[in-house]
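Chemist: need coordinates for the below:
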Amino acid sequence: MTTNPTPQTFLITGASSGLGRAFAEGALAAGHTVVGTVRKDADAEDFEAIRPGRSLARLLDITDDDAVFRTVEEVEATVGPIGVAIANAGYGHEGVFEESTMAELRAQFEVNVFGAVATVKAVLPYMRRRRRGHILGVTSMAGLITVPGTSFYQGSKHALEGILETVGKEVAPFGVHVTAIAPGSFRTDWAGRSMVRTDRSIADYDQVMDPVRDHRKAADGHQLGDPRKAAEAVLKIIGVPNPPAHLLLGSDALRLITNGRAAVDKEIQEWADLTRSTDFPDGAQLPG
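Modeler: All right, here's what the predicted structure looks like:
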């Protein structure tokens, strides 16, 4: 792996396993210091053993907004300026929309959206004042396409995609970069023990949902994406003058998102005349 010539302090949420752990290990191997947030004491001990002195764990529940801000403040004061923040912590929810509960939706957004946003809000003032920094949020290819059976998860990732892209435009004048990372399927625990699955209850959805659930379970452990290569890809955009606002990871993400967006573009153009028919003749056009 290519070593970044300027070691920095990384903050990575959800660093105990999966892509978060891979990002941390990659950054540590490249010579950086990594503060990784975890939920359990045992995970903290394991994380700090990766590179003693440079792999630093912090216990954190990212749904606790105050704790997120306190943690960032403490890291800035005791470890050093956070140059790169990766809002990675999240989990998947699988379930037919009609069968899934409002409580499950709120829990999904608490972690995947509000927890990520709290992380971004906590690090941003420091980066803005220093006029440098890179914020990355791990969304998903599900944040740019839709498939049956994960509407709550996809909704959370669509929300995060929109927030990160907007923030990136707001902070660009301050030398702060924002990138939404959209992974495809990777060999992590996302589709295994880390996924919450709503019990099936409505037979009408069997033909839609059963094949989706069966395929996801069968593919668990055999996914296309290599987490170590994902870390290598992410490190390649750290420190470049113009990093991407969106970074897809995995050829499956590239294929599915390209096809999905082409279908949306095609439909938009097919109905363009009806779209234009709602304008006032003398109305003002928005910039852009």
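
Chemist: name the residue closest to the centre of this structure, please.
Modeler: Per Cα atoms, centre = their mean, the C-alpha nearest to the average position across the chain is that of residue 138, at 1.5 Å.

Chemist: residues in contact with it?
Modeler: Residues near residue 138 by Cβ atoms under 8 Å, 6 or more residues apart in numbering: 19-20, 86-88, 90, 181, 183. Placement of C-beta: from N, CA and C, glycine included.

Chemist: which pLDDT value goes with it?
Modeler: Residue 138 is assigned a pLDDT of 97 by the prediction.

Chemist: and it, its phi and psi?
Modeler: Backbone geometry at residue 138, expressed as degrees, to the nearest 10, gives phi -90, psi 110.

Chemist: mind listing what's buried along the least confident helix or strand in the chain by mean pLDDT?
Modeler: Lowest on mean pLDDT, DSSP states H and E among the helices and strands of the chain sits helix 206-219, with a mean of 81. In terms of neighbour count (16 or more other Cβ atoms under 10 Å), helix 206-219 has its buried residues at 209, 212, 216.

Chemist: which non-adjacent residue is nearest the second one?
Modeler: Closest residue in space to residue 212, ignoring its immediate chain neighbours: residue 149 at 4.3 Å, by Cβ to Cβ, 6 or more residues apart in numbering.

Chemist: got the confidence number for the one you found?
Modeler: Here the pLDDT value assigned to residue 149 is 93.

Chemist: so what's the residue count around it?
Modeler: Neighbour count of residue 149, defined by other Cβ atoms under 10 Å: 24.

Chemist: so it sits right up against residue 209, yeah?
Modeler: Yes. Checked against Cβ atoms under 8 Å, the pair residue 149 and residue 209 is within contact range at 5.4 Å.

Chemist: intersection of neighbour lists for those two?
Modeler: Residues touching both residue 149 and residue 209 (Cβ under 8 Å, 6+ apart): residue 96.

Chemist: how about the strands in the stretch 101-250 of the chain?
Modeler: In the stretch 101-250 of the chain, the segments counted as strands under DSSP state E, counting those that start in this stretch are 133-138, 176-183, 196-197, 246-249.

Chemist: CA atoms only for the first one - export them in PDB, please.
Modeler: In other words, strand 133-138. Taking C-alpha atoms only, strand 133-138 is exported to PDB below (Å, rounded to 0.1, in the frame of the first residue of the first chain):
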ATOM      1  CA  GLY A 133      -9.700  18.400   6.400                       C
ATOM      2  CA  HIS A 134     -11.500  15.500   4.700                       C
ATOM      3  CA  ILE A 135     -14.800  14.100   5.900                       C
ATOM      4  CA  LEU A 136     -16.000  10.800   4.400                       C
ATOM      5  CA  GLY A 137     -19.300   9.200   5.100                       C
ATOM      6  CA  VAL A 138     -20.000   5.600   4.300                       C
END
